[in-house]
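**Q** no FASTA, just this:
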């Protein structure tokens, strides 16, 4: 099975997509990677879904990636006497550690770490930003606020603190349990929510201990300010536009998305654009024109993957949502303007032998009209470097490790193929030729580029570029 596009589709599983037949239908419609949302469902639910994914992988003979998305710290107000209260613009409103039920004048906020970080002038957002409070005075156990935007506040609504760095670890006790479970069942990526600093990513990577790759979700202004350091620490990045759109002015979200995608591409980190991409398809069989444009924009930017959340997890039309996303991606990538935009955003290659080899492979392939680039990779690093170049020709990521194939299914343009271990470069050429023929990327009259590292099996050792005739001797 070969996709006719380079951008990948990440589909969230949930009540609407839990059984084998439905997951299979999503895959056939275009889903490349499946997301297990640890905020919802039990471990047994996720274990069953993973079993279906691996059974589907065996049936189709294609590697399928799995991303486990950790919930992260959830900040919420307490409860109210009547279940809710109405706050009016200009009113005074107190938040404190007192557990007594709240009313229109005060409410419990059982998070001392918030009070420790607040300063007069800070902003608190409640219920996805529908209520906005400005801090007038605060202490270790209270905050006196003024209601800037009123509305109904009810039990356990979420709280966002956009303009301060909270003294919170990105990993809660639940997250650590979920992380260990996700690694145990073989998740390929771990997505870390509410990252604020590079140290958050470092902690997650230490706990993962090489069993998966770690993706930093950018949804806090503090993370945007320290973006480059976070991206250098992480293996990949997600533009999580839901909370990002709550914590910063909405008008800044599109430019922030472009900045994140551009920097991730420059650093060779896979980047996923997520949240509300086809939101209306939760209830409707067709998307809005604006949603189609949103997906198209992410494809034009050169994102590695676009993601469906509730559309595929809880919506009425999960398969249709994947099919729409697939159709939009294929159509955009066939437009000549797409190639111009993607190439204009390509940065200079890093000053390493592997980066130089992959950049040279792209140039040779495009100049001499090769049919494909074949990249041998154990860890996946050289395959990601090849994808960073966004070449005009297909890339086959050839690896003897199924775990590496699964991780690379998230990366732009990579067609992942598991091949036998090779020891000599001649064996590598033979395996590359077999792969491009078997997967219908090239015929006897075509030529391909092969990049590999000798000695084989050593991560980061890419040092050979060879052009080979598919139907004859190497050049």
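**A** It's in. No experiment lies behind these values; they were computed from the predicted model shown.
**Q** pLDDT below threshold where in the protein?
**A** 457-460, 473-475 (pLDDT under 70).
**Q** Kindly state the domain boundaries assigned to it.
**A** 8-72+170-334, 84-160, 353-469 (automatic domain parsing).
**Q** Dump the ones you listed into TSV; add distance to residue 2 and mean neighbour count as well.
**A** C-beta here means a position set from N, CA and C on the backbone, and glycine is covered the same way. Output for the domains of the chain, formatted as TSV (distance: least, Cβ to Cβ, whole Å; neighbours: other Cβ atoms under 10 Å):
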stretch	distance to residue 2	mean neighbour count
domain 8-72+170-334	9	20
domain 84-160	40	17
domain 353-469	6	20
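**Q** Out of those domains, which gets nearest to residue 344?
**A** domain 8-72+170-334 (9.7 Å; Cβ to Cβ).
**Q** so residue 264, which of the three states?
**A** Here residue 264 is recorded as helix under DSSP: H, G, I helix; E, B strand; the rest coil.
**Q** And it, how far from residue 411?
**A** 11 Å (Cβ to Cβ, to the nearest Å).
**Q** residues shared between the contacts of these two?
**A** residue 270 (Cβ atoms under 8 Å, 6 or more residues apart in numbering).
**Q** a strand runs through residue 174, doesn't it?
**A** No - counting by three-state DSSP, one finds residue 174 to be helix, located in no strand.
**Q** need the strands for the stretch 351-475 of the chain, in chain order.
**A** 372-376, 395-399, 414-418, 447-453, 462-469 (DSSP state E, counting those that start in this stretch).
**Q** Identify whichever of the ones you listed lies nearest to residue 329.
**A** It is, among these and with distance given as Cβ to Cβ, strand 414-418, at 14.9 Å.
**Q** Show me what that closest one pairs with in its sheet, parallel or antiparallel.
**A** Strand 414-418 pairs in its sheet with strand 395-399 (parallel), by DSSP bridges.
**Q** now the partner strand, how far from the chain's geometric center?
**A** 21 Å (Cα atoms, centre = their mean, to the nearest Å).
**Q** before we move on, what about stretch 120-138?
**A** 29 Å.
**Q** what's it in contact with?
**A** By Cβ under 8 Å, 6+ apart, stretch 120-138 touches 77, 87, 92-93, 95, 115, 118-119, 143-151, 153-154, 157-164, 245-247.
**Q** For residue 266, see how far away residue 400 is.
**A** With Cβ to Cβ as the criterion, residue 400 and residue 266 are 30 Å apart.
**Q** Also residue 166?
**A** Taking Cβ to Cβ, one finds residue 166 at 29 Å from residue 266.
**Q** Among the contacts of stretch 120-138, name the ones in helices.
**A** 115, 245-247 (DSSP state H).
**Q** Just flag the most distant two among the residues you listed.
**A** It's 115 and 245 that sit farthest apart of those, by Cβ to Cβ, at 25.4 Å.
**Q** With distance to residue 253 added, can I get the strands of the stretch 351-475 of the chain in TSV?
**A** TSV is the format used below for the strands of the stretch 351-475 of the chain (distance: least, Cβ to Cβ, whole Å):
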stretch	distance to residue 253
strand 372-376	34
strand 395-399	31
strand 414-418	28
strand 447-453	37
strand 462-469	37
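**Q** follow-up on the earlier one: tell me the one of the ones in helices among the contacts of stretch 120-138 nearest residue 11?
**A** residue 245 (21.4 Å).
**Q** which residues does the closest one contact?
**A** Contacts of residue 245 by Cβ under 8 Å, 6+ apart are 129, 253, 275.
**Q** Closest one to residue 52 out of the residues you listed, please.
**A** Distances from residue 52 to these, taken by Cβ to Cβ, are shortest for residue 275, at 24.9 Å.
**Q** give the contact list for that closest one.
**A** 240-242, 245, 307, 309.
**Q** Okay, helices next: where are they in the stretch 151-300 of the chain?
**A** Secondary structure of the stretch 151-300 of the chain by DSSP state H, counting those that start in this stretch: the helices cover 173-185, 198-208, 221-225, 227-233, 241-247, 253-267, 289-301.
**Q** between those, which one is nearest to residue 83?
**A** helix 241-247 (23.0 Å).
**Q** isn't residue 264 right up against residue 272?
**A** No - assessed by Cβ atoms under 8 Å, residue 264 is found out of contact with residue 272, at 9.3 Å.
**Q** Quick check: neighbours shared by these two?
**A** 236-237.
**Q** about what we covered before: between the ones in helices among the contacts of stretch 120-138, which is closest to residue 55?
**A** residue 245 (37.1 Å).
**Q** those strands in the stretch 51-200 of the chain, which residues are they?
**A** With DSSP E, counting those that start in this stretch as the criterion, the stretch 51-200 of the chain has strands spanning 65-69, 84-87, 92-96, 106-108, 123-126, 131-138, 142-149, 151-154, 159-160, 189-192.
**Q** Mind putting the ones you listed into a markdown table with distance to residue 23?
**A** As requested, the strands of the stretch 51-200 of the chain are exported to a markdown table (distance: least, Cβ to Cβ, whole Å):
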| stretch | distance to residue 23 |
| --- | --- |
| strand 65-69 | 11 |
| strand 84-87 | 39 |
| strand 92-96 | 43 |
| strand 106-108 | 42 |
| strand 123-126 | 36 |
| strand 131-138 | 39 |
| strand 142-149 | 41 |
| strand 151-154 | 35 |
| strand 159-160 | 33 |
| strand 189-192 | 17 |
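**Q** out of those, nearest to residue 182?
**A** strand 65-69 (3.5 Å).
**Q** what angle do that closest one and strand 414-418 make?
**A** Put simply, strand 65-69 runs at 110 degrees to strand 414-418, going by axes from the mean of the first three to the mean of the last three Cα atoms, to 10 degrees.
**Q** List of residues touching strand 65-69?
**A** Contacts of strand 65-69 (Cβ under 8 Å, 6+ apart): 10, 12, 32-39, 46, 50, 53, 178-179, 182, 186-191, 193, 212, 215, 217, 406-410.
**Q** Stretch 222-232 now?
**A** 164-165, 195-198, 201, 216, 218, 237, 244, 248, 256, 259-260, 263-264, 267, 269.
**Q** For residue 131, see how far away residue 77 is.
**A** 10 Å.
**Q** tell me, what's touching these two both at once?
**A** Joint contacts of residue 77 and residue 131 (Cβ under 8 Å, 6+ apart) are residue 153.
**Q** returning to that earlier point: now render the contacts of residue 275 as TSV, adding distance to residue 421.
**A** TSV is the format used below for the contacts of residue 275 (distance: Cβ to Cβ, whole Å):
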residue	distance to residue 421
240	38
241	42
242	43
245	47
307	34
309	39
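**Q** Next, work out how far apart residue 364 and residue 326 are.
**A** Counting by Cβ to Cβ, the gap from residue 364 to residue 326 is 31 Å.
**Q** what do you get for residue 404?
**A** From residue 404 to residue 326 the distance is 25 Å (Cβ to Cβ).
**Q** For residue 386, which of the helices of the stretch 151-300 of the chain is the nearest?
**A** Closest among the helices of the stretch 151-300 of the chain, using Cβ to Cβ: helix 253-267, at 13.2 Å.
**Q** helices or strands next to that closest one in the packing?
**A** helix 221-225, helix 227-233, strand 236-240, helix 241-247, strand 271-274, helix 289-301 (3 or more Cβ pairs under 8 Å, 6 or more residues apart in numbering; DSSP states H and E).
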